[in-house]
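[1] sequence first, then the predicted structure, then my questions.
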Amino acid sequence: MEKILQVIDLELSFHTFAGEVKAIRGVSFDLHKGETLAIVGESGSGKSVTTKSIMRLLPETSSEFKNGEILFDGKDLTSLPESGMQKIRGKDISMIFQDPMTSLNPTMPIGKQVMEPILKHQKVSKAKAKEVAIELLKMVGIPNAEVRYKMYPHQFSGGQRQRIVIAIALACNPKILIADEPTTALDVTIQAQILELMKDIQKKVDTSIIFITHDLGVVANVADRVAVMYGGRIVEVGTVDEIFYNPQHPYTWGLLSSMPSLDLEEERLYAIPGTPPDLLNPPVGDAFALRSEYALKIDLEQAPPMFQVSDTHYAATWLLHPNAPKVEPPATIIERMKTFRGSRYYEGTDGNLGGEA
Amino acid sequence: MAEKLLEVKNLKQYFNAGKPSEVKAIDDISFDIYRGETFGLVGESGCGKSTTGRTIIRLYDATDGEVLYDGVSVHGNKSKADVKSLNQKMQMIFQDPYASLNPRMKVLDIIAEGLDIHGLVKNAKERKQKVIELLETVGLNKEHAERYPHEFSGGQRQRIGIARALAVNPEFIIADEPISALDVSIQAQVVNLLRDLQKEKGLTYLFIAHDLSMVKYISDRIGVMYFGKLVEMATAEELYKNPMHPYTKSLLSAIPLPDPIYERSRVRTPYNPDDHKYGPDEKVEFREVAPKHFVLCSDKEFEEMKTQLK
């Protein structure tokens, strides 16, 4: 598959009064053409910072690229001058933010806001841009677009505002769309509509999506591949089925078990103990070791490398090392693994594949 | 049958009543909450679920109807002492742990505010001792008492909010979306804490949320609200097994589950209030289709629903 974006060994720090916060500590991933890659993790895991650094939206005064590169279209985005970046932002790579209330300009009619990227990046007349803008508003499902074109953000509901933000992001047919928790502020019913819209549009215009969220239900719905981030690193990456039905990293186990399921009767929810690591002084070994009941001695001394589970599935945990003791994942995870062909708990009819997948 | 702790009778809350901009935030709802149970209230934003919570605790005056707490009306003219004694029994946990704690007060003073008002402690030493006890109950420690809210994470702040609510030994706690601002892994911690406290202290909860999976997990009974009206009410299990009202069905079908195979085949059923096609003389009422399972429906729908029951 064609790689449209490559992030290689990215390290980024923020300089604060308290010292250097190592927000991203060696992140590598590829984005393929036409796919949806979900990045999941809790607040402070570095998922938003990763995508903001792709867009170069972080303040240059306090943030610093320490290492690594972001390759897009033959260019390294970490070293591109601001003028070059402005040609990419909103045209080749565009972004949808979490809160549609704050990402729209309250003093500007929405039609004008949709026209802005078109006028900036394409050589078209204002009349033509207006036509395109109305087309876009129709596409994202704003009824009566010709009339509502002149209205201001406060005259729309939360869901409609997010639709408008999506229209702006799509104005120049971007190759990559970064969606940073686009549905977190919305209700379940509206969320479902927005997710359906994004999937529809992706089919139509064949863009690649990076989808950031902490809602695993949403991930299961939209993603082709999933990267799980913790403490400024990617701890597990794989196809959506591999992550949900054959997870390997204890943090992924924790995330999956802390979601209540609608049909299982559980007495008590599994809660990951403790709090996320302090990235001012990141732990030496596996950042999750202090909260993990599966931590080995080596986890405290040395950070685990990425172990390969399958062609598409990698996880950074010492548990996958050939010399590591075999551990039993939590019961709910074993239940999930039973359905995955190739996992060691697979209970199927087509013979015993067994062993480590 | 368990003892009724809270009775909400034909409660109405209209904002800008009588003006053209009148909003019927709560439009004639009735339900009971029994001692020791958790009653979940779900619905989309703007359906009136938070307003219901706030009206029950007298943050708003009701337009019409009654709220009886332990047989005593919450609203209407009351003496200061009566209001105070109600306030001690009923407490609230708010949605936003960032906005609901005064940034210029120390955690010690935030938690002790209720103790001071109700005169529950005699001297500074006892006051501090009590606060430390509360902090430990919610999983924080005594060093935290001297700090300010900005020094805490979202999950920790929500714990402070819970400690503040517990300070006056309440019987009934209204939790207005207490976990929606928190991360998944922290949500589980807070929900477990609320459950443990319930067991330990015999608390009764009104749990308001839009996250249906968490609501099902924590609630004994659930009410579903839509545009100011209660459209369905049943035990948590019954509601998920036998949703009757089309809005409940639509709400349930919209929840994405952490299961990619299920997600690929999930079909969402949108809800359109016009689909009911109620005639002008049809009476739309809250009717009991099965024991303890109520649905807002017309006579005709009622007969249909009874045949659908499993």
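    Good, I have the coordinates.
[2] quick one: the strands in chain B?
    In chain B, strands defined by DSSP state E lie at B:4-15, B:23-34, B:38-42, B:64-69, B:72-73, B:90-93, B:172-176, B:204-209, B:221-226, B:229-235, B:285-290, B:293-297, listed in chain order.
[3] in TSV, list the ones you listed along with mean neighbour count.
    In short, each C-beta sits where N, CA and C put it, glycine included. Rendered in TSV, the data for the strands of chain B read as follows (neighbours: other Cβ atoms under 10 Å in any protein chain shown):
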stretch	mean neighbour count
strand B:4-15	18
strand B:23-34	19
strand B:38-42	25
strand B:64-69	17
strand B:72-73	14
strand B:90-93	23
strand B:172-176	24
strand B:204-209	25
strand B:221-226	24
strand B:229-235	24
strand B:285-290	16
strand B:293-297	22
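[4] which one of the ones you listed lies nearest to chain A?
    strand B:38-42 (9.3 Å; Cβ to the nearest Cβ).
[5] could the strands of chain B go into a markdown table alongside distance to B:Asp183 and mean pLDDT?
    Rendered in a markdown table, the data for the strands of chain B read as follows (distance: least, Cβ to Cβ, whole Å; pLDDT from 0 to 100):
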| stretch | distance to B:Asp183 | mean pLDDT |
| --- | --- | --- |
| strand B:4-15 | 31 | 93 |
| strand B:23-34 | 29 | 92 |
| strand B:38-42 | 21 | 94 |
| strand B:64-69 | 34 | 92 |
| strand B:72-73 | 40 | 90 |
| strand B:90-93 | 17 | 94 |
| strand B:172-176 | 18 | 94 |
| strand B:204-209 | 16 | 94 |
| strand B:221-226 | 24 | 94 |
| strand B:229-235 | 29 | 94 |
| strand B:285-290 | 37 | 89 |
| strand B:293-297 | 34 | 92 |
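[6] of all these, which one is nearest B:Ile162?
    B:Ile162 lies closest to strand B:90-93 among the strands of chain B, at 5.8 Å (Cβ to Cβ).
[7] quick one: the helices in the stretch 201-310 of chain B, in order.
    In the stretch 201-310 of chain B, helices defined by DSSP state H, counting those that start in this stretch lie at B:212-218, B:236-241, B:246-253, B:260-265, B:299-308, listed in chain order.
[8] okay, those helices, which one's buried deepest?
    Burial among the helices of the stretch 201-310 of chain B, expressed as mean neighbours by mean count of other Cβ atoms under 10 Å in any protein chain shown, is greatest for helix B:212-218, which shows a mean of 22.
[9] alpha carbons of that one, as CSV, please.
    Output of helix B:212-218 as CSV, limited to C-alpha atoms (Å, rounded to 0.1, in the frame of the first residue of the first chain):
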residue,chain,number,x,y,z
LEU,B,212,-25.4,4.8,28.2
SER,B,213,-23.0,2.0,28.7
MET,B,214,-21.7,3.5,32.0
VAL,B,215,-25.3,4.3,33.1
LYS,B,216,-26.4,0.7,32.6
TYR,B,217,-23.4,-0.4,34.6
ILE,B,218,-24.1,1.8,37.6
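[10] related to what we said a few turns ago, need the strands of chain B in TSV with distance to A:Thr107, can you?
    Putting these into TSV (distance: least, Cβ to Cβ, whole Å) gives the following:
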stretch	distance to A:Thr107
strand B:4-15	27
strand B:23-34	26
strand B:38-42	36
strand B:64-69	40
strand B:72-73	47
strand B:90-93	36
strand B:172-176	32
strand B:204-209	34
strand B:221-226	34
strand B:229-235	37
strand B:285-290	45
strand B:293-297	42
